[in-house]
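# Just a sequence and a predicted model for now, questions to come.
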Amino acid sequence: MKLFARSPAAAIVVCLVGGLLVFLTSGRVWARATAPNVTGGDGSATLSVTGHQVAASIPATGIALMALALAILAASGMMRRLVGGVTVLLGVAAVGVAIAARGNVSKALEDREVGATGLAVHASANGWWVVTLVGGLLALAAGLLAIRYAPAWSGMAERYDAPGATQPKRDPAAVAWDALDRGEDPTA
């Protein structure tokens, strides 16, 4: 547990990987089915549906999780905990969408490929919904890490602060040593 208390790196990487997994599944084919040709010709048509077509929120959730990974890096203190809370919420949403989308594959095939002809298409989801589920669980874990350990993590260096932001008081001895490091005489 001391590893997590020292650095936000684990939460950032886990959140980024979770977001990438969720986003990756949006463009993959979740199911294929064969339906009779509705135009009256011989043969059948092969239908397919992607993750985005099954649940339109999947790509947006993945992108948001990747952005939140960067926000964990950039934020500090209470804001980092808030980012962790939003990450937890999106992780839970991704898990819920993955579970719900698994059962919506047949409906998505009917709506997307067949349309209003009333032809029933039955298919089951392949393993991409599990990848979405894992991505959501990783994001959930990253958010919980951020909420728990954010007060112990240091923020970004002060050179990344906004111009005009109040700088913390520095120890005069440290200022003198920094001047010596730059080759300046601190007594002048």
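Received, thanks.
# only C-alpha atoms for contact and neighbour calcs from this point on.
Fine.
# Tell me how far residue 149 lies from residue 126.
Residue 149 is 37 Å from residue 126, where distance means Cα to Cα, to the nearest Å.
# more crowded one of those two?
Just comparing residue 149 and residue 126: by other Cα atoms under 10 Å the higher neighbour count belongs to residue 149, 21 against 13.
# Three-state assignment for that one, please.
Reducing the assignment at residue 149 to three states with DSSP: H, G, I helix; E, B strand; the rest coil gives helix.
# just checking, next helix/strand downstream of the helix ranked longest in the chain?
In the chain, ranked by residue count with DSSP state H as the criterion, the top helix is helix 78-103. Beyond helix 78-103 in the direction of the C-terminus, DSSP states H and E gives the next helix or strand as helix 105-109.
# can you give me phi and psi for the spatially closest residue to residue 6 that is not a sequence neighbour?
When the adjacent residues along the chain are set aside, residue 6 lies closest to residue 153, with 6.0 Å between them (Cα to Cα, 6 or more residues apart in numbering). When read as degrees, to the nearest 10, the backbone of residue 153 gives phi -80, psi 140.
# where do the helices sit along this structure?
Residue ranges of the helices in the chain, as given by DSSP H, are 2-6, 9-26, 51-54, 57-74, 78-103, 105-109, 128-149, 172-181.
# roughly how far is the longest one from the heart of the chain?
Averaged C-alpha coordinates place helix 78-103 at 8 Å from its chain's average position (Cα atoms, centre = their mean, to the nearest Å).
# the inter-axis angle of that helix versus helix 9-26?
On the basis of axes from the mean of the first three to the mean of the last three Cα atoms, to 10 degrees, helix 78-103 is oriented at 30 degrees to helix 9-26.
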